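Colleague: what follows is a protein structure lacking sequence information:
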């Protein structure tokens, strides 16, 4: 899997030139230029052309550049793919997939449109059918361009009738199963957005919940949400200190050949060493961005 941090993915409407320009200056790990929900039907064609122009203009630096298209079943989806094929985006994010057949169709559509082999497919997990097909969808990673899941709880709530209450208790089974399916097949996975732009406490609670549930990061709808999200999904000083102690303990010649150690009152094994090394690599990658 790609080891670059992806704590925060900020949606920006491709119909808003100022928003796309501002994205180049924001402290986000990724930018999703959106042709779907954020763009009115009459503005789709102009937004598509603007997205391609912005992507070709470059200047996004370390930020992963993602393009969210319209579904292939809409009047705009296939045109989106054809227009975006020459654009220097890292991934196409496709909405409202239901089953493995949708992944195959999207991947084949990208091939036919002429996307470079390295351009990945990410998909929104946001329909009741997609939740019931998580394993089949994730398994497509072995034979298609699929490399990522992004949760869309707003659409899932609308279609299922499940309420998005503080704490998201009713959605916990969905969060867990989505993470397990993603990890079983080597996919990255991002949590859905927090709609409460001005409720910092709720945003932080959702970020902590997602982090502790195994998500790589979270999608966001406003730049004001970036600081909280980046902080929560970054290793803390305490995490770094503990990881450094684990690495140092296993590197001690006195512990050579040992698979388990007692450290600060805890039992640590080689699996904890691997986790510590991964955490330190993430912290170093974040620090390198300044």
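Modeller: Looks like it arrived, so ask away. Bear in mind that the values here come from a model prediction, so they are computed numbers and not experimental data.

Colleague: got phi/psi on residue 214?
Modeller: phi 110, psi 10 (degrees, to the nearest 10).

Colleague: hang on, it packs against residue 184?
Modeller: No. Taking contacts as Cβ atoms under 8 Å, residue 214 lies outside contact range of residue 184: 11.7 Å. Where you see a C-beta, it was placed from the backbone N, CA and C, and this is true even at glycine.

Colleague: and residue 181, that's in a helix?
Modeller: Yes. The assignment for residue 181 (DSSP: H, G, I helix; E, B strand; the rest coil) places it in a helix.

Colleague: number of nearby residues for it?
Modeller: For residue 181, the count of nearby residues is 21 (other Cβ atoms under 10 Å).

Colleague: for the residue nearest to the spatial centre of the chain, list each beta-bridge partner.
Modeller: Among the residues of the chain, the one closest to the centroid is residue 190, at 3.4 Å (Cα atoms, centre = their mean). For residue 190, the beta-bridge partners under DSSP bridges are residue 150, residue 217.

Colleague: backbone phi and psi for residue 266, please?
Modeller: With angles defined as degrees, to the nearest 10, residue 266 sits at phi -120, psi 150.

Colleague: that should have said residue 26, apologies.
Modeller: Residue 26 adopts backbone torsions of phi -90, psi 150, taken as degrees, to the nearest 10.

Colleague: so who does it touch?
Modeller: The contact partners of residue 26, by Cβ atoms under 8 Å, 6 or more residues apart in numbering, come to 10, 63, 223, 226.

Colleague: so the last one touches residue 10, yeah?
Modeller: If I follow you right, that is residue 226. Yes. Counting by Cβ under 8 Å, residue 226 touches residue 10, with 6.8 Å between them.

Colleague: give the residue farthest from the middle of the protein.
Modeller: residue 254 (41.2 Å).

Colleague: ok so that residue is a helix residue?
Modeller: Yes. Counting by three-state DSSP, residue 254 is located in a helix.

Colleague: all strands of this structure, in order?
Modeller: 8-13, 30-34, 64-68, 91-94, 120-125, 146-151, 188-191, 217-220, 260-263, 266-269 (DSSP state E).

Colleague: put together TSV for those strands, with mean pLDDT and distance to residue 168 on each row.
Modeller: Compiled in TSV, the strands of the chain are given as follows (pLDDT from 0 to 100; distance: least, Cβ to Cβ, whole Å):
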stretch	mean pLDDT	distance to residue 168
strand 8-13	97	19
strand 30-34	98	21
strand 64-68	98	22
strand 91-94	98	22
strand 120-125	98	15
strand 146-151	98	11
strand 188-191	98	10
strand 217-220	98	12
strand 260-263	91	35
strand 266-269	93	31
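
Colleague: out of these, flag the one nearest residue 179.
Modeller: strand 188-191 (5.8 Å; Cβ to Cβ).

Colleague: quick revisit: more neighbours, residue 226 and residue 10?
Modeller: It is residue 10, of residue 226 and residue 10, that has more neighbours when counted by other Cβ under 10 Å, with 27 against 17.

Colleague: any idea how far residue 39 is from residue 77?
Modeller: Distance of residue 39 to residue 77, computed by Cβ to Cβ, to the nearest Å: 13 Å.

Colleague: what about the two, which has more around it?
Modeller: Set residue 39 next to residue 77 and count neighbours by other Cβ under 10 Å: residue 39 wins out with 23 against 20.

Colleague: so what's residue 200 up against?
Modeller: Taking Cβ under 8 Å, 6+ apart as the test, what residue 200 contacts is residue 228.

Colleague: 10 Å instead, please
Modeller: By Cβ atoms under 10 Å, 6 or more residues apart in numbering, the contact list for residue 200 reads 194, 224-225, 227-228.

Colleague: what's the answer for residue 251, then?
Modeller: Residue 251 makes contact with residue 273, according to Cβ under 10 Å, 6+ apart.

Colleague: can you show me the helices along the protein?
Modeller: Under the criterion DSSP state H, helices of the chain are mapped to 17-23, 44-57, 77-84, 100-113, 128-132, 134-139, 153-160, 172-184, 200-213, 226-233, 237-251, 270-288.
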